[in-house]
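Q: quick one, what's the 3D model for this:
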Amino acid sequence: MPKPKGQKNTKNKAKHSKLIARKVNKQKAEKALRKERLKEIIQRAKNSGTE
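A: As a prediction, this is how the structure comes out:
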């Protein structure tokens with residue numbers, strides 16, 4: 001039996017793309033937050049070491 005003409009599986013692909021984009025954005029945000037926290041900790045360590 002032939003497949004119907006036109007687009008197929010577009011809803012699932014769109015949903016998957018949306019979920020993957022959300023995951024990637026979440027990972028970027030977590031990475032940036034982690035970097036900021038490390039900078040703050042390093043800064044505090046440097047300040048306490050010089051005093």
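Q: for whichever strand or helix holds residue 42, give the mean pLDDT please.
A: Residue 42 belongs to helix 10-50 when assigned by DSSP states H and E. The average of the pLDDT scores along helix 10-50 is 93.
Q: that one: how far from the chain's middle?
A: Offset of helix 10-50 from its chain centre (Cα atoms, centre = their mean, to the nearest Å): 7 Å.
Q: got it, and stretch 42-51?
A: Stretch 42-51 has its average C-alpha position 31 Å from the chain's average C-alpha position, going by Cα atoms, centre = their mean.
Q: now do the buried residues in it.
A: Counting neighbours by 16 or more other Cβ atoms under 10 Å, one finds that stretch 42-51 has no buried residues. (Each C-beta comes from the backbone N, C-alpha and C, glycine too.)
Q: and that stretch, C-alpha only, in PDB?
A: As requested, C-alpha coordinates have been extracted for stretch 42-51 and formatted as PDB (Å, rounded to 0.1, in the frame of the first residue of the first chain):
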ATOM      1  CA  ILE A  42      37.600  32.100  43.100                       C
ATOM      2  CA  GLN A  43      37.200  35.800  43.800                       C
ATOM      3  CA  ARG A  44      36.300  35.200  47.500                       C
ATOM      4  CA  ALA A  45      39.300  32.800  47.800                       C
ATOM      5  CA  LYS A  46      41.700  35.400  46.300                       C
ATOM      6  CA  ASN A  47      40.300  38.200  48.600                       C
ATOM      7  CA  SER A  48      40.600  36.100  51.700                       C
ATOM      8  CA  GLY A  49      44.100  35.000  50.800                       C
ATOM      9  CA  THR A  50      45.400  38.500  50.500                       C
ATOM     10  CA  GLU A  51      43.900  39.800  53.700                       C
END
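Q: show me the contact partners of that stretch.
A: Applying Cβ atoms under 8 Å, 6 or more residues apart in numbering, stretch 42-51 turns out to have no external contacts.
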